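> Predicted model and sequence below, questions to follow.
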There are 2 protein chains.
Amino acid sequence: MTSTDIDAVAAPTARLLQELTQTTGFSDATLVASAPDTIRLLAGVPDRSALPTDAFARAYGRLQHDPDRLIEGFQYSNAQGIPELREWIATREGVSADRILVTAGGQHGLSLVVRAFVDEGDLVAVDNPIWPLFLGILELKSRNILPIPVEADGIDVSALEQQLRAGRRIRALYTVPDFHNPTQGSLSEEKRRHLVRLADEYGFWLIADNPYRELHFGERGLDTSVFHESPNTVHVNTFSKTLGPGLRLGWIVLPERTVADVVRLRNRNDSQTSTLTQTLVAEVLNGEPAFFDDNLVRARSLYRSRAEGLVAALDRHLPGAFETTVPSGGYFLWARLADDSADWQELYARAAEHGLSYQPGAFFASGPGTDADRHLRLAYGDNTVERIDEGVERLAAAYHSLS
Amino acid sequence: MTSTDIDAVAAPTARLLQELTQTTGFSDATLVASAPDTIRLLAGVPDRSALPTDAFARAYGRLQHDPDRLIEGFQYSNAQGIPELREWIATREGVSADRILVTAGGQHGLSLVVRAFVDEGDLVAVDNPIWPLFLGILELKSRNILPIPVEADGIDVSALEQQLRAGRRIRALYTVPDFHNPTQGSLSEEKRRHLVRLADEYGFWLIADNPYRELHFGERGLDTSVFHESPNTVHVNTFSKTLGPGLRLGWIVLPERTVADVVRLRNRNDSQTSTLTQTLVAEVLNGEPAFFDDNLVRARSLYRSRAEGLVAALDRHLPGAFETTVPSGGYFLWARLADDSADWQELYARAAEHGLSYQPGAFFASGPGTDADRHLRLAYGDNTVERIDEGVERLAAAYHSLS
């Protein structure tokens, strides 16, 4: 009898798998039927000109002259990350390298944090609107969420405080403090201090997810040091938006008291982040010390011109149709439909027919009490100003075709 | 009031973290106080000469002449893996590319499989002795294990069958079929078919972890096709032992019925495996089609000579002290102390004093009923024959110093 002769009894998958919901709209947006040559103002991804393909070639070349280091890159390494990379990150963050855990990107960092700090069914406060993939991660532990409104200057900390004062208890809070996804604003200095105080007063985890912080269009970025002063704050970061998401490389600044435990959990999950990727990136960063910032200066200027180009195109092709604020950083314009009677679902469908794809704001709502569905999230990072302008022309055609 | 002025309430970590046990001996073995210039017959790692540092440089060079592909390597990719890598793997495995999930290495593959297929507290049958880090992974879901003896030709399938016939029910079984870690033997053809039949008859998951399969010293490796014929068998693999563990790159051959679910879980865990690593490895494999096998032919010959050298050194320096079988593949010699009164703990400590480190067999027991503690696991992959010989001389000095 061979194994194929019997009527096999199918072993069941884990309840966790059986119970995963489909992610709402968001990740299916790319599947909407769209015309050929569709313009995708769709995703938060770097422009190809900002990706350091040549710097990596130079770094590999230098490592070939240092064979012991290159060989080390092909071997096992420590679960927390290689020292030369952790030290570069720690210097930039203004913390001890002992607090840096190198991850396989932002999503990996967030899933690790959720597993380390959230128990099954715990109540977790979240941005509303929110980057919806966080809910997909959180669902591995809990679906019990407390949506907190996001204002022009970030999450509404007073609304959270009211709930806490009224006796509501949360295990953690998730927010994107800098150049929020999708609402483009940043948490004010005062509100981020207030939020950290609440985390310390009530003993919940503040999960600050900060992928866009380096993409500031002004002279300097926002002060994130307050996230490093609390025993309850984890600051999740990534190289995805600066060196490229395909690297799958990021880090977490952890409170000292948690480092050993989280590293242990990480080790059992996936051992360590690719030593070769870490070695290459450390060589890019340390071998050409000006490269990272020089590259960022060019990238910020590029994204700023595209953000301004997008707002100007909306003013030109659809005057008065949207309420907009020129972004001060990040990848997204959170444009609000001025006409409250405009049908966003019809607009989304018509835009696809006209060869334009974007994420409708409704995909980002984490609960009621938001006007997310009156918005379009328009991503401008990976299209030229000319192509953005053509995209907005298509949006205008779709808009004017609304019944 | 700043955040540091208040007496912060420390948020609790997750129960999962609080309850993780320390891994036994195994991972602490590297911390045993040892003399300078210690010879480490310690770990299952490739020799530096087998690591493809030049092939990666050539692959990167070729990609620089194909900028669109190189740029893609720096961007997001599909959670299941890039097609050109999945297709190469699928051809080698003799399955459809739809069944291949690219992972971030063997440990990542195993932790994903455990989360996808095992519920909290489920009974899982495991090798005894076992690669103990699997128990560290399993503990994220369950500590309820059923140790099954491992014989010279692999796990004792009849012993498992007796338990099943007697009514014992398991959710999964974990074994290393080819060149077992630590016992060096391989599961016979008949036993692997028997094991798959039992998985299908009783509806449990057969987790076949196969990192060493390519390191066979004979003409060809063992037939693994039976693992691909069952709806209940997952075949976990890695490039760690062939191209280098620092890549963190591996794959799972999944039953068709599970692919979509496991990919969804993986996506929420860490999005995808580094696109750059996948692109580079695919270019190494496809761009120089003979390289992978040519490199393996050299590596197998090297490891075989070291395995033979190790056994010869034991015969020369410690005649009669150990019962050994010349390995037919893999990285490990599972040497049994011939003298049942010899104190393995004292030997281990004396060896460290003499500048030799290895893993004592006791670290690998998963339960009672094994003579694992009468063994030494001696790894020969990453030391020259001369150095291995010197290591065995040190072992002889330690052995003769036993009280």
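Cool, got the structure. Numbers count the residues shown, from 1 in each chain, chains lettered A, B, ... in the order given.

> In stretch A:306-316, which residues are buried?
By neighbour count on 16 or more other Cβ atoms under 10 Å in any protein chain shown, the buried set for stretch A:306-316 is A:306-307, A:309-311, A:313-314. For glycine as for every other residue, the C-beta is placed from the backbone atoms N, C-alpha and C.

> Residues in contact with it: which ones?
Applying Cβ atoms under 8 Å, 6 or more residues apart in numbering or on different chains, the external contacts of stretch A:306-316 come out as A:41, A:217, A:321-322, A:324, A:326-327, A:333, A:335, A:378, A:380-381, A:383-385, A:388-389, A:391-393, A:395.

> Contact residues of the stretch 251-400 of chain A facing chain B?
Counting by Cβ under 8 Å from any Cβ of the partner chain, the stretch 251-400 of chain A comes close to chain B at A:257-258, A:261-262, A:264-265, A:267-277, A:279.

> Out of the buried residues of stretch A:306-316, the closest to residue B:76 would be?
residue A:306 (19.2 Å; Cβ to Cβ).

> hmm, back to that, narrow the contacts of stretch A:306-316 to those that are buried.
A:41, A:217, A:321-322, A:324, A:327, A:333, A:335, A:378, A:380-381, A:383, A:385, A:388-389, A:391-393, A:395.

> Inside strands: which ones of those?
Those of the buried ones among the contacts of stretch A:306-316 mapping onto strands are A:322, A:333, A:335, A:378, per DSSP state E.

> can you put the residues you listed in CSV and add distance to residue B:20?
Output for those, formatted as CSV (distance: Cβ to Cβ, whole Å):
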residue, distance to residue B:20
A:322, 51
A:333, 44
A:335, 47
A:378, 44
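
> Now render those as a markdown table, adding pLDDT.
Listed next are these as a markdown table, based on pLDDT from 0 to 100:
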| residue | pLDDT |
| --- | --- |
| A:322 | 98 |
| A:333 | 98 |
| A:335 | 98 |
| A:378 | 98 |
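
> Let me know the closest of those residues to chain B.
Ranked by distance to chain B (Cβ to the nearest Cβ), those are led by residue A:378 at 18.8 Å.

> Pretty sure that closest one sits against residue A:336.
No - Residue A:378 is beyond contact range of residue A:336, at 11.4 Å (criterion: Cβ atoms under 8 Å).

> The lowest-mean-pLDDT helix or strand in chain A and chain B in contact?
Taking mean pLDDT, DSSP states H and E as the measure, helix A:15-19 is the helix or strand of chain A with the lowest mean score, a mean of 92. Yes - against chain B, helix A:15-19 shows contacts by Cβ under 8 Å from any Cβ at A:15-17.

> Test my guess that residue A:364 contacts residue A:134.
No - assessed by Cβ under 8 Å, residue A:364 is found out of contact with residue A:134, at 10.7 Å.

> Grab the nearest non-local neighbour of residue A:218.
Once flanking residues are discounted, residue A:218 sits nearest to residue A:328: 6.2 Å by Cβ to Cβ, 6 or more residues apart in numbering or on different chains.

> before we move on, what about residue A:255?
Nearest one to residue A:255, counting by Cβ to Cβ, 6+ apart, is residue A:231 at 4.6 Å.

> wouldn't the one you found be in contact with residue B:7 here?
No - with contact defined as Cβ under 8 Å, residue A:231 does not reach residue B:7; the gap is 10.6 Å.

> that older thread, helices - which of the buried ones among the contacts of stretch A:306-316 land there?
If you go by DSSP state H, those have A:385, A:388-389, A:391-393, A:395 in helices.

> what about residue A:281, neighbour count?
28 (other Cβ atoms under 10 Å in any protein chain shown).

> So it belongs to a helix, correct?
Yes - counting by DSSP: H, G, I helix; E, B strand; the rest coil, residue A:281 is part of a helix.

> what's near enough to touch it?
So residue A:281 contacts A:85, A:239, A:243, A:247, A:249 (Cβ under 8 Å, 6+ apart).

> Ramachandran angles for the fourth one?
Just to be clear, that refers to residue A:247. Main-chain dihedrals, residue A:247, degrees, to the nearest 10: phi -70, psi -30.

> Show the contacting residues for it.
Counting by Cβ under 8 Å, 6+ apart, residue A:247 makes contact with A:105, A:239-240, A:277, A:281, B:74, B:274-276.

> Give me the pLDDT for the nearest residue to residue A:155 once chain neighbours are set aside.
Closest residue in space to residue A:155, ignoring its immediate chain neighbours: residue A:175 at 4.6 Å, by Cβ to Cβ, 6+ apart. Listed pLDDT for residue A:175 reads 98.

> burial of residue A:175, as a residue count?
Using other Cβ under 10 Å: residue A:175 sits among 26 other residues.

> Next secondary structure after the helix or strand hosting residue A:164?
Residue A:164 belongs to helix A:157-165 when assigned by DSSP states H and E. Remark: after helix A:157-165, the chain's next helix or strand is strand A:172-175, criterion DSSP H and E.

> Name the strands paired with that next one and say parallel or antiparallel.
When sheet partners are counted by DSSP bridges, strand A:172-175 sits next to strand A:124-128 (parallel), strand A:205-209 (parallel).

> Just name the most buried of those.
Ranked by mean neighbour count under mean count of other Cβ atoms under 10 Å in any protein chain shown, the strands paired with strand A:172-175 are led by strand A:205-209, which reaches a mean of 26.

> quick check: angle from the helix or strand following that one to strand A:205-209?
As assigned by DSSP H and E, the chain's next helix or strand after strand A:205-209 is strand A:233-238. Angle, strand A:233-238 to strand A:205-209, by axes from the mean of the first three to the mean of the last three Cα atoms, to 10 degrees: 20 degrees.

> For strand A:233-238, output the C-alpha coordinates as PDB.
Written as PDB, here are the backbone C-alpha positions of strand A:233-238 (Å, rounded to 0.1, in the frame of the first residue of the first chain):
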ATOM      1  CA  THR A 233       7.500  52.700  24.900                       C
ATOM      2  CA  VAL A 234       8.700  50.600  21.900                       C
ATOM      3  CA  HIS A 235       9.800  52.600  18.900                       C
ATOM      4  CA  VAL A 236       9.500  50.500  15.700                       C
ATOM      5  CA  ASN A 237      11.600  51.500  12.700                       C
ATOM      6  CA  THR A 238      12.700  50.300   9.300                       C
END
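
> end-to-end on stretch A:315-331?
19 Å (Cα to Cα, to the nearest Å).

> circling back: reformat the strands paired with strand A:172-175 as JSON lines; add mean pLDDT.
Output for those, formatted as JSON lines (pLDDT from 0 to 100):
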{"stretch": "strand A:124-128", "mean pLDDT": "98"}
{"stretch": "strand A:205-209", "mean pLDDT": "98"}
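
> So what does the closest residue to chain B within the stretch 251-400 of chain A have for phi and psi?
Residue of the stretch 251-400 of chain A nearest chain B, by Cβ to the nearest Cβ: residue A:275 (3.3 Å). Per-residue torsions, residue A:275: phi -60, psi -40 (degrees, to the nearest 10).

> and it, what does it touch?
Residues in contact with residue A:275, defined by Cβ under 8 Å, 6+ apart, are A:72-77, A:82, B:245-248.
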